[in-house]
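A.B. asks: here is my input, please return the structure:
(one chain, ligands or ions: 3)
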Amino acid sequence: MNNVPQHVSIIMDGNGRWAKARGRERVYGHLEGVESVRAVTEAAVEAGVRYLSLYAFSEENWNRPQAEVDRLMELMMEAIRNEVKTLMDNGVRFVVLGNRARLSATLNKAIDDLMEKTSACGRMTLIVFLSYSGQWDILQAMKKAAAERGSEGVRDMTAEDFGKYLVTSGIPDPDLLIRTSGEQRISNYLLWQCAYTEFVFTDVLWPDFRKPEFRAALETYASRDRRYGKVK
Ligand code: IPE
Ligand code: IPE
Ligand code: MG
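C.D. replies: Ligands and ions are numbered 1, 2, ... in the order given. Have a look, this model is predicted:
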């Protein structure tokens, strides 16, 4: 495939509606959504994508009913436990980014273990955004920069300097952002990092988004003309 994006990011949306359409509890949709994560991770590795990032849980998602929040955190634990071998076999480095202070000690420990185990994997980096929001990221970056540089040092900061304080420091900005389920909004995701990202919106609900849908999005991306404000 030509013109493969280096970094693909996905707002995985529509699990609840997928379950509801089947007369099931919302959590059933989240469970099936884990299968999509597995399939899409594999497809991304196969296509030669270097970074795949997934919006799994936003800061705002903490405001959902406690039972759903608890189930989502449990699912995350289970996925981490079950996927170690597959990730390592496929050369996938695992990274979690977000407001980790809000996660339980047990989950944080499991995340650290998996990040450590896969730290030398070099084929692709899988980034899971957990308890993340774009505004939170920009604010924590601003506070860190001010604490480190003082008001003098902040005055002459460039956008490139600022990017080093975001949690995504060292990770290239997404080339392609996919959102499933028909919603066409950013929902407080990578606000700074998506300055020149190409967007692909699809009506497919996340549990139905598998390898063919992922490849179709890559093809759409390949046909885009990125100009970065310049004249071609
Ligand atoms: C995405 O599916 C998963 C998370 C946000 C955690 P939703 O749970 O938002 O499903 P819908 O949008 O209600 O269908
Ligand atoms: C965005 O989905 C967050 C994630 C996919 C993790 P939401 O379902 O929370 O977004 P809104 O509420 O429709 O904007
Ligand atoms: Mg949703």
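
A.B. asks: now do L31: how many residues are near it, please.
C.D. replies: L31 has 17 neighbours, counted by other CB atoms under 10 Å. The way it works is simple: take the backbone N, C-alpha and C, and place the C-beta from them, glycine included.

A.B. asks: residues contacting E60?
C.D. replies: S133, S187, N188 (CB atoms under 8 Å, 6 or more residues apart in numbering).

A.B. asks: same deal with L166?
C.D. replies: With CB under 8 Å, 6+ apart, L166 has these contacts: D137, I138, A141, W192, Q193.

A.B. asks: what helix or strand is A146 on?
C.D. replies: helix 134-155 (DSSP states H and E).

A.B. asks: can you list contacts of the following helix or strand past that helix?
C.D. replies: Remark: after helix 134-155, the chain's next helix or strand is helix 159-163, criterion DSSP H and E. With contact meaning CB under 8 Å, 6+ apart, helix 159-163 is reached by A141, A145, S169, W192, Q193.

A.B. asks: enumerate every residue touching the residue nearest in space to the middle of the chain.
C.D. replies: For the chain, L54 is the residue whose C-alpha lies nearest the centre (CA atoms, centre = their mean; 2.3 Å). The contact partners of L54, by CB under 8 Å, 6+ apart, come to S9, I10, M12, V37, L126, I127, V128, F129.

A.B. asks: cool, S58 as well?
C.D. replies: F129, S131, Y132, S133, S187, N188, Y189 are the contacts of S58 under CB under 8 Å, 6+ apart.
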